[in-house]
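[1] For reference, the sequence and a predicted model appear below.
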Amino acid sequence: MQGSAVAEQVLMRGAGRFFRRLGPRAQVALCELPLTLIVGGVVIAAPAIWPSVLQNPMFISGIILHGILFLCCLLIPWERLAPHYTMVIPILDLFGIFLTRNGAYPIIPGLSLLAIFPVIWLAASGMLARTGLILSLLGPFLISLPPFIAHLPNPTGSDISGILLLPLMMFAVALSIRFASASARLQQRRVKQRDVALRQLLTASRERERLLKTILDATDVGIVAVDPNGKIIRTNNQHKIYQQMAGSEESSVDGDRELMVFSPDRKSPLPPEKRPIRRAIRGETFADYLVWIASGHEQRALSTAARSMTDDDGRFSGAVVVYSDITNVVEALTAKDELVSNVSHEFGSPLTSILGNLDLVLNGSENLSPETLRHLEVAMRNAERLRALVSDLLLSAAAVESVHPRRTDMAGLVQNSMVSAQAQAEAANVDLVADVPAPLWANADPLRIGQALDNLVSNAIKYSPGGGVVKVSARRTDGWVRLEVADTGMGMTPEESSRIFTRFFRTTAAREAAIPGVGLGLSITRNIVERHGGTIACSSLPGKGSTFTLTLPVDGENGES
């Protein structure tokens with residue numbers, strides 16, 4: 001039913017457009033044409049079927065009047081007249097039908113039904129509304145009146161039904177057409193209003209589109225939106241520049257295969273499945289994912305982030321990937337690490353010499369006075385602290401440069417770390433507890449992750465000066481290994497825990513308790529974990545201990561490798 005109604009509306013709109021394209025004369029002639037054709041057919045058939053009607057002057061007058069009216073439709077310049085003047089034609093049609101019907105009565109029955117054509121014209125015109133309804137009732141009544149009068153005082157049933165039913169039927173037709181026309185005009189107004197509203201929305205949408213494009217092109221980061229199949233649906237000029245630098249101008253993820261995209265080492269080509277767009281269309285959400293594009297002096301470091309898009313039903317509908325050029329930042333950090341490494345190396349030889357000579361002097365301390373011995377021991381302790389700092393600085397630079405993940409049993413690494421820390425724990429009156437299933441496989445560099453575990457466990461013991469428990473637990477979940485190192489030590493404030501992985505940062509409580517350290521261990525640990533494609537976080541409260549949570553990929557798909 002709904003499809004039929006839509007088809008009918010389409011047909012009516014098409015007919016309306018055709019009718020409006022015609023000139024005023026053609027429109028009036030087209031309205032008169034059906035009645036003229038039927039009257040012409042009666043005239044043609046009359047000599048053979050009803051020859052006697054051709055002798056009736058009233059019938060002949062009606063035929064002539066119909067012919068004159070049709071010629072008037074074609075010859076009168078209706079375009080120069082007011083529209084309501086055309087209503088003269090259907091009114092005169094009623095008079096012509098009166099002549100034709102009563103001139104042929106009762107030889108040609110049913111001619112009174114021709115009144116439906118001028119009635120439809122009057123009702124559908126939308127003009128002379130009240131007059132048109134009156135004429136629709138009065139005209140058929142007058143057409144049917146002569147036979148009724150002729151048979152008085154004994155009219156036939158046909159006369160009575162004609163004088164009653166024909167006017168009522170024509171009035172009902174006129175009323176129905178009037179209602180339908182009014183409804184059609186109302187619907188047309190609504191359609192026009194909707195059309196205006198849609199045009200306004202389209203204009204506003206185009207303005208927002210231009211605004212969005214201007215904003216995107218004004219940003220200094222590359223932005224690209226892709227559908228679930230990886231086809232680019234929105235991008236900005238900066239991303240196009242990155243694409244050209246990487247060697248592709250393709251608009252889909254398939255063009256990503258030939259791009260010059262490299263791992264953080266700047267040399268190893270990044271596998272297609274680990275590239276930002278490929279990860280994004282798999283539904284992954286990530287941030288600060290470092291890749292390098294292009295080669296040679298044009299090579300740039302890009303920090304990428306991705307967020308998924310969903311439709312109204314919550315289904316994945318695409319993703320937005322953002323590229324930020326951080327080449328200068330990376331190069332500055334690299335230069336800083338190189339400076340630290342070089343300075344540390346330069347400190348190494350003098351420190352070795354100082355420590356060696358101090359050791360020689362202290363070994364012959366029997367000839368030294370107590371005060372001199374005390375000063376030498378102070379110098380020895382500070383030289384040892386300086387050597388530990390240099391060692392940590394060198395270790396920090398090395399941890400960033402060399403990470404080689406492979407399939408590793410985390411349970412074994414945890415066990416080794418617990419054994420190494422046992423002596424330190426006993427000295428601090430701390431109990432070590434491990435809850436790790438064996439085997440527990442992860443994609444990790446055993447040397448570097450072992451170093452990270454040693455840092456976390458050693459810190460947990462060191463910052464539990466009053467004794468307590470250090471617990472190491474691990475579980476596998478959703479393609480990741482989740483490892484926790486929890487202690488019951490002094491803890492820290494939320495502000496301090498948010499800065500704990502910053503180089504050289506130490507908590508107030510640690511400084512007040514004179515706990516040795518330079519604040520590099522956790523920074524080194526974070527660098528090691530992030531180079532594996534994992535994450536590390538800290539939750540802590542003062543006096544309640546701290547929990548460090550470390551995650552590593554199981555099979556390397558989420559890491560940088």
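    On my side now, so go ahead. Residues are numbered from 1 along each chain as shown.
[2] CA atoms for contacts and neighbours, from now on please.
    Noted.
[3] which strands and helices sit next to the helix or strand harbouring residue 45?
    Using DSSP states H and E, residue 45 sits within helix 24-49. In terms of contacts (3 or more Cα pairs under 8 Å, 6 or more residues apart in numbering; DSSP states H and E), helix 24-49 is packed against helix 57-75, helix 116-124.
[4] Could I get the average pLDDT for it?
    Regarding helix 24-49, the rounded mean pLDDT is 90.
[5] sorry, back to before: please identify the most buried of the helices and strands packed on helix 24-49.
    helix 116-124 (a mean of 23; mean count of other Cα atoms under 10 Å).
[6] what angle sits between the helix holding residue 45 and helix 116-124?
    Interaxial angle, helix 24-49 versus helix 116-124 (axes from the mean of the first three to the mean of the last three Cα atoms, to 10 degrees): 160 degrees.
[7] buried sites along helix 24-49?
    24-25, 27-32, 35-36, 39, 42-43 (16 or more other Cα atoms under 10 Å).
[8] Return the distance of that helix from the chain's centre.
    The chain centroid and the centroid of helix 24-49 are separated by 63 Å under Cα atoms, centre = their mean, to the nearest Å.
[9] Tell me what angle that helix forms with helix 57-75.
    150 degrees.
[10] circling back: tell me which of the helices and strands packed on helix 24-49 sits nearest to residue 49.
    helix 57-75 (15.0 Å; Cα to Cα).
[11] Do me a favour and average the pLDDT over the closest one.
    The average of the pLDDT scores along helix 57-75 is 92.
[12] Any idea how far it is from the middle of the chain?
    For helix 57-75, the distance to the chain centre is 69 Å (Cα atoms, centre = their mean).
[13] for stretch 54-66, same thing?
    Worked out by Cα atoms, centre = their mean, stretch 54-66 lies 75 Å from the chain centre.
[14] before we move on, the earlier item: including distance to residue 521, could the buried residues of helix 24-49 go into TSV?
    Shown next, in TSV, are the buried residues of helix 24-49 (distance: Cα to Cα, whole Å):
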residue	distance to residue 521
24	94
25	97
27	94
28	97
29	99
30	96
31	96
32	100
35	103
36	105
39	109
42	112
43	114
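[15] Do I have it right that residue 529 meets residue 535?
    Yes - counting by Cα atoms under 8 Å, residue 535 is a contact partner of residue 529 at 6.1 Å.
[16] Of the two, which one has the most company?
    Ranked by neighbour count (other Cα atoms under 10 Å), residue 529 and residue 535 place residue 529 first, with 24 against 17.
[17] Let's see the one helix or strand the more buried one maps to as PDB, backbone CA atoms only.
    Residue 529 is part of helix 521-531 when elements are defined by DSSP H and E. Extracted C-alpha coordinates of helix 521-531, given in PDB (Å, rounded to 0.1, in the frame of the first residue of the first chain):
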ATOM      1  CA  GLY A 521      65.700   3.100  37.900                       C
ATOM      2  CA  LEU A 522      62.000   3.600  37.200                       C
ATOM      3  CA  SER A 523      62.700   5.800  34.200                       C
ATOM      4  CA  ILE A 524      64.900   3.000  32.800                       C
ATOM      5  CA  THR A 525      62.200   0.400  33.600                       C
ATOM      6  CA  ARG A 526      59.600   2.400  31.700                       C
ATOM      7  CA  ASN A 527      61.800   2.800  28.700                       C
ATOM      8  CA  ILE A 528      62.400  -0.900  28.600                       C
ATOM      9  CA  VAL A 529      58.700  -1.800  28.900                       C
ATOM     10  CA  GLU A 530      57.600   0.800  26.200                       C
ATOM     11  CA  ARG A 531      60.300  -0.500  23.800                       C
END
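[18] Now the common contact residues for residue 529 and residue 535.
    Taking Cα atoms under 8 Å, 6 or more residues apart in numbering as the criterion, residue 529 and residue 535 both touch 550-552.
[19] Next, count neighbours for the nearest residue to residue 306 once chain neighbours are set aside.
    For residue 306, ignoring the flanking residues on the chain, the nearest one in space by Cα to Cα, 6 or more residues apart in numbering is residue 321 at 4.4 Å. Residue 321 is flanked by 24 other residues according to other Cα under 10 Å.
[20] Can you name the residues that contact residue 321?
    223-225, 276-277, 280, 304-307.
[21] quick one: the strands in the stretch 251-400 of the chain?
    261-262, 286-293, 300-310, 316-325 (DSSP state E, counting those that start in this stretch).
[22] Packing partners of the longest one?
    Right, strand 300-310. Using 3+ Cα pairs under 8 Å, 6+ apart, strand 300-310 sits against helix 276-281, strand 286-293, strand 316-325, helix 327-363.
[23] May I see the ones you listed arranged in CSV, with mean pLDDT and distance to residue 82 as well?
    Shown next, in CSV, are those (pLDDT from 0 to 100; distance: least, Cα to Cα, whole Å):
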stretch, mean pLDDT, distance to residue 82
helix 276-281, 88, 67
strand 286-293, 86, 73
strand 316-325, 90, 59
helix 327-363, 71, 78
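[24] So for residue 163, which of those sits nearest?
    strand 316-325 (70.8 Å).
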